[in-house]
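# next input, structure requested:
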Amino acid sequence: MVRVTHWITAVAFVALLLTGAEIVVSHPRFYWGETGSSVTQAWLTIPIPSSRGTVPTGYGYVMPDQNGWSRYLHFEAAWVAVLTGLVYVFAGLGMGHFRRNLAPAKGERSWQALWGVVAGYLRRAPPAGSANDRYNPLQKVTYLAVIFVLFPLVIWTGLALSPGWDSAFPATVNLLGGRQSARTLHFLISALLLLFFAVHVAMVAATGFRSRTRAMITGRTRAPEERG
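Okay, here's the model as predicted:
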């Protein structure tokens, strides 16, 4: 269950990343509140050229406009990620995956334990997980934050961008400060997820990229006596 949902989510995440970047290029300005436009003071501006000539970016040219297909694929990939995430969460709760593998043990619930892991990575000596404890304290806390905080928030802010959702559940959009605030938050949370993705890959590489990837694909790792 973990391996299958992991790879489906990985494919959906890459699709969301690429299409989300194209959507940002179409209007690389972010606002706070309910409304925002090219003539409104931006809360945050990404210093890149836009794919629309009506957006003031300070550049004398526009990027190719791929906004149409990007939005369609973005929505489709989002629903794949949401449905896969629901399967993962409910199965993980029912099978005890979170309690058994991700819940920090008593001795791991401290800043000292987390810093010990960080210091180990900085020394290029990351702690090796045992057969019964495959995740170190930093991984456990990070994965739980991503699964139960960042992913729900990015889904919520994404839904808030839909006019249909706004009409049916306006309170959920108002809680975010309006549709433009939801768009800004959606971008910022997505940036945090991208940072997690980069660190996640770096940590896998630090602990043996080939062996870790093989384990996530096949579910099996080579015993110590089998290693060259």
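
# which residues of this protein score low on pLDDT?
For the chain, applying pLDDT under 70 flags the ranges 109, 118, 120-134, 221-228.

# now the strands for it?
29-30, 44-45 (DSSP state E).

# as CSV, those strands with distance to Leu176 would be great.
Where you see a C-beta, it was placed from the backbone N, CA and C, and this is true even at glycine. CSV is the format used below for the strands of the chain (distance: least, Cβ to Cβ, whole Å):
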stretch, distance to Leu176
strand 29-30, 13
strand 44-45, 15
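
# which of the residues in stretch 165-183 are buried?
Within stretch 165-183, the residues that count as buried by 16 or more other Cβ atoms under 10 Å are Trp165, Asp166, Val173, Leu176, Gly178, Arg179, Gln180, Ser181, Ala182, Arg183.

# neighbours around the closest residue to the third one other than its chain neighbours, how many?
Think Val173. Leaving aside its chain neighbours, Val173 sits nearest to Ala160 (4.5 Å; criterion: Cβ to Cβ, 6 or more residues apart in numbering). Neighbourhood size, Ala160 [other Cβ atoms under 10 Å]: 24.

# from memory Ala160 sits against Leu176, does it?
Yes: if you go by Cβ atoms under 8 Å, Ala160 and Leu176 touch, sitting 5.6 Å apart.

# against Thr19, how distant is the residue nearest the centre of the chain?
Nearest residue to the geometric centre of the chain (Cα atoms, centre = their mean): Leu193, 2.9 Å. Separation of Leu193 from Thr19 (Cβ to Cβ, to the nearest Å): 14 Å.

# now Trp69
According to Cβ to Cβ, Trp69 and Thr19 sit 8 Å apart.

# shouldn't the residue nearest to the centre of the chain be in contact with Leu153?
No: the pair Leu193 / Leu153 is not scored as a contact, 9.6 Å apart, by Cβ under 8 Å.

# more neighbours, Trp69 and Thr19?
The neighbour comparison of Trp69 against Thr19 (other Cβ under 10 Å) goes to Thr19, with 22 against 10.

# now do the contacts for the more buried one.
Ser70, Arg71, Leu73, His74, Ala77 (Cβ atoms under 8 Å, 6 or more residues apart in numbering).

# of those residues, which belong to helices?
Ser70, Arg71, Leu73, His74, Ala77 (DSSP state H).

# show me which of those residues is closest to Met1.
Closest approach to Met1 among the ones in helices among the contacts of Thr19 (Cβ to Cβ): Ala77, at 20.6 Å.

# what about the closest one, how many neighbours?
Other residues close to Ala77 by other Cβ under 10 Å number 20.

# likewise for Ala198?
Neighbour count of Ala198, defined by other Cβ under 10 Å: 10.

# in contact with Tyr31, which residues?
Thr40, Gln41, Ala42, Trp43, Gln180, Ser181, Arg183, Thr184.

# distance check, Glu22 against Leu16.
11 Å.

# what about the two, which has more around it?
For Glu22 and Leu16, the more surrounded residue by other Cβ under 10 Å is Leu16, and the numbers stand at 25 against 20.

# what sits closest to the more buried one if chain neighbours are left out?
In space, Leu16 is closest to Ala77, 4.9 Å off (Cβ to Cβ, 6+ apart).

# repeat for Ser50
Nearest to Ser50 is Thr57, by Cβ to Cβ, 6+ apart, at 5.0 Å.

# can you pull the contacts of that neighbour?
Thr57 neighbours (Cβ under 8 Å, 6+ apart): Pro28, Thr45, Pro47, Ile48, Pro49, Ser50.
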